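1. 3D, please:
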Amino acid sequence: MNRSLPDFAAALVVIPVALVLLAARISGSSRPLAEPVAAPAVDAVSNSTTEDTAVFAGGCFWGIEAVFDHVKGVKSAVSGYAGGNAVNPSYEQVSTGDTGHAESVQVIYDPSQVSYGKLLQIFFSVAHDPTQLNRQGPDQGTQYRSAIFYNTPQQQQVAENYIKQLTAAKTFSRPIVTRVAKLHGFYRAEEYHQHYLEQHPNQLYIVINDKPKVAALKKEFPDVYKN
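-> Numbering: from 1, shown residues only. Purely as a prediction, here's the structure:
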């Protein structure tokens, strides 16, 4: 879906699609996004006392970034591209699905305030639906896949163990399709994508797809929510 359309034109596309997807989610969803999942049984131990980096992909990066922007201990959340082959790709290139990149968010956080495991729990609970393959909400294509890009072997181990934990607990009624892959590069997206929810809080795409994620974070994780 081309989200660079003017707000009004985009709204004409988003509304009917969103209503159809909402009906499908109500009738056959694996789990409401606003319901938190269990915390990881094993968490990462940071070697840094100041900051670490995590990279997540789960559909449009606007919503993922908005969620982590509201997490205590997160110093910055940046929308960008990861997981592909092209160097410094543009939004238009990534949107074709040919570069192999996923719309992703780089989260720089203070491990003394929020752990990698807590970020994973938020990612699986309210940021996206990890059972949707190559799509999220009204957006479809490999660029909208669910993925965790790890920086260290420890992050890889924690992420893979967490997926096994959630699968064994039958947390979701459908299989988790989230990929765990080594981060080979993160490319910052164009400036108009940064903090998009904050810049366009009343755009219908944001109201329908992304504001509910932030509201769910506030409701389900009040201990780490920040305005």
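
2. The closest residue to residue 179 other than its chain neighbours in helix, strand or coil?
-> Once flanking residues are discounted, residue 179 sits nearest to residue 147: 4.5 Å by C-beta to C-beta, 6 or more residues apart in numbering. (C-beta placed from N, C-alpha, C; glycine too.) Of the three states, residue 147 takes strand under DSSP: H, G, I helix; E, B strand; the rest coil.

3. Quick one: neighbours of residue 147, just the number.
-> Neighbour count for residue 147, taken as other C-beta atoms under 10 Å: 22.

4. go on, residue 177?
-> With other C-beta under 10 Å as criterion, residue 177 counts 17.

5. nearest spatial neighbour of it, skipping sequence neighbours?
-> residue 133 is the one closest to residue 177 (C-beta to C-beta, 6+ apart), at 4.6 Å.

6. What's the separation between that neighbour and residue 142?
-> Distance, residue 133 to residue 142, using C-beta to C-beta, to the nearest Å: 9 Å.

7. And these two? Which one has more around it.
-> The neighbour count for residue 133 versus residue 142, taken as other C-beta under 10 Å, is higher for residue 142 (18 against 15).

8. Test my guess that that one contacts residue 100.
-> Yes - if you go by C-beta atoms under 8 Å, residue 142 and residue 100 touch, sitting 7.3 Å apart.

9. Residue 42 should be in a helix, yeah?
-> No - judged by three-state DSSP, residue 42 forms no part of a helix; its state is coil.

10. Grab the nearest non-local neighbour of it.
-> In space, residue 42 is closest to residue 161, 5.4 Å off (C-beta to C-beta, 6+ apart).

11. quick check: mean pLDDT across whichever strand or helix holds the one you found?
-> Using DSSP states H and E, residue 161 falls within helix 153-168. The average pLDDT for helix 153-168 rounds to 97.
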